[in-house]
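Chemist: this one's structure only:
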């Protein structure tokens, strides 16, 4: 074979410069600079890659639940709803108290005659303001009960559970527990009323400090625990819940 037809070995220098450095007929083939840069960034970065679908869920959760502080890539899987039956007894007591107050007010002349009340107490104008003040007090009390009840919230995210506890008009706290720290999750429904109206309590216990978290008057607690168990399993298997 003619020497000119032999393939050129580009890995061998064809000449040397005045400084003795080799000169090649073709520069050595290397990987694309941008590809090398991307590889370097991927190797040096410890941040997880967040998919577009997860990012959209994160943005949507921030809009729907502005009261929550969500890390980048976290989103709300479920917002546990409380059954309004928890307000039945205090609201019934409030309605009954207000009804009795107005009954006394509108039938005060009959009451005076029946009880033979005399003196300043026999004047409707003297009892009108106290009765109205009592009604306003009952309404304000009912509002406080409603505010406390509805501001006790429980959220499940793809990373943790968040319990917002409202114990008074100006007293609240927040508990955040990583799904990886939850050792046991269970629910209970006691009595025919809870079974009939399908509400109950959920209970979480954590590893290590053995702290127990409870949330009462939960609508459909069985489904809530099922969703929570799936999220915990996905988290512990390094998967994200759908």
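Modeler: Sure thing, it's come through. Source: prediction; values computed, not measured.
Chemist: hey, let's count contacts and neighbours off CA atoms from now on
Modeler: OK.
Chemist: list the contacts for the residue most central in space within the chain?
Modeler: When CA atoms, centre = their mean is applied to the chain, the residue found nearest the centroid is residue 155 (2.6 Å). Residue 155 makes contacts with 76-80, 161-163, as judged by CA atoms under 8 Å, 6 or more residues apart in numbering.
Chemist: Name the strands paired with the helix or strand containing it and say parallel or antiparallel.
Modeler: Using DSSP states H and E, residue 155 falls within strand 153-157. Counting by DSSP bridges, the strands paired with strand 153-157 are strand 76-80 (antiparallel), strand 160-168 (antiparallel).
Chemist: mind giving me CSV with those strands and columns for mean neighbour count and distance to residue 22?
Modeler: As requested, these are exported to CSV (neighbours: other CA atoms under 10 Å; distance: least, CA to CA, whole Å):
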stretch, mean neighbour count, distance to residue 22
strand 76-80, 18, 62
strand 160-168, 18, 61
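Chemist: As CSV, those strands with mean pLDDT would be great.
Modeler: What follows is the strands paired with strand 153-157, written out as CSV (pLDDT from 0 to 100):
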stretch, mean pLDDT
strand 76-80, 94
strand 160-168, 94
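Chemist: Could you look up the SS state of residue 227?
Modeler: Three states are possible here, and by DSSP: H, G, I helix; E, B strand; the rest coil the one that applies to residue 227 is helix.
Chemist: and it, how many neighbours?
Modeler: When neighbours are counted by other CA atoms under 10 Å, residue 227 registers 15.
Chemist: circling back to that earlier point, for residue 119, which of the strands paired with strand 153-157 is the nearest?
Modeler: Comparing the strands paired with strand 153-157 against residue 119 with CA to CA, the closest turns out to be strand 160-168 (42.0 Å).
Chemist: buried sites along the next helix or strand after the closest one?
Modeler: Reading on from strand 160-168 to the C-terminus, the next helix or strand found by DSSP H and E is strand 171-178. Counting neighbours by 16 or more other CA atoms under 10 Å, one finds that the buried residues in strand 171-178 are residue 177.
Chemist: what angle sits between strand 171-178 and strand 153-157?
Modeler: Angle between the axes of strand 171-178 and strand 153-157 is 20 degrees (criterion: axes from the mean of the first three to the mean of the last three CA atoms, to 10 degrees).
Chemist: buried sites along the biggest helix by length in the chain?
Modeler: For the chain, the helix reaching the highest residue count under DSSP state H is reported as helix 124-150. Within helix 124-150, the residues that count as buried by 16+ other CA under 10 Å are 127-128, 131, 135, 138-139, 142, 145-146, 148-149.
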